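*Asks:* Next input, structure requested:
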Amino acid sequence: MEKRSRSGSYQYVESRAFVETKIRILITGGSGFLGQFLISHFLDEPGIAEIGYTYKTSPLPNHRVGPTPKGKARLTGFRVDLAEPSLMKVAILNFRPHIVIHTAALTSPAGCETTDATQLERVNCPEVLTDALLALQREKVERKEAATLAAAEEE
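*Replies:* Here you go, the predicted structure:
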């Protein structure tokens, strides 16, 4: 089925698999300038069940909590400091996103000039995020292998 985006600027083919899967999107830096626009865009998109976002200091105001209208995505915030590996891993493993959009960054020129290079790299190129996603992938593989073994034992 061909659909046109709300802006009308592109077309895409919507597959049955996409529509039937409840897509979860995680947006790092969701309370930032770009993150807020992405969240606003995805909240009403068909096929999106839940949007997770990370924030360091302040969650988004007035976000949807509890039951949502049919066809509307639910919004979940995770307080995460990208310099702290365990928090990102917990957020990823609990939320289990299908898609991750990384928008978290140190953007203040004064902050970038006074922050050491290691800290800048942790936030702007977070190894923590990739490590957490790899842990999620390993968990999925282990579950699939366990299910395959259980099915083989039943035969």
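*Asks:* okay, CA-based contacts and neighbour counts for the rest of this
*Replies:* Will do.
*Asks:* okay but residue 72 is in contact with residue 43, surely?
*Replies:* Yes: with contact defined as C-alpha atoms under 8 Å, residue 72 and residue 43 form a contacting pair (6.2 Å).
*Asks:* any chance you could map the helices in the chain?
*Replies:* 16-20, 33-43, 85-95, 109-114, 117-124, 127-154 (DSSP state H).
*Asks:* The longest strand belonging to the chain vs helix 33-43, what angle?
*Replies:* The longest strand of the chain (DSSP state E) is strand 48-55. Strand 48-55 runs at 160 degrees relative to helix 33-43, counting by axes from the mean of the first three to the mean of the last three C-alpha atoms, to 10 degrees.
*Asks:* can you give me the angle strand 48-55 makes with helix 85-95?
*Replies:* Using the same axes, to 10 degrees: strand 48-55 against helix 85-95 is 170 degrees.
*Asks:* what lines up beside strand 48-55 in the sheet?
*Replies:* strand 23-28 (parallel), strand 74-79 (parallel) (DSSP bridges).
*Asks:* low-confidence ranges in the protein?
*Replies:* Scanning the chain for pLDDT under 70 picks out 1-21, 62-71, 108-115, 117, 119-125.
*Asks:* re earlier: comparing the strands paired with strand 48-55, which comes out most buried?
*Replies:* strand 23-28 (a mean of 23; mean count of other C-alpha atoms under 10 Å).
*Asks:* neighbouring contacts of that one?
*Replies:* The contact list for strand 23-28 (C-alpha atoms under 8 Å, 6 or more residues apart in numbering) reads 35, 38-39, 47-55, 95-104.
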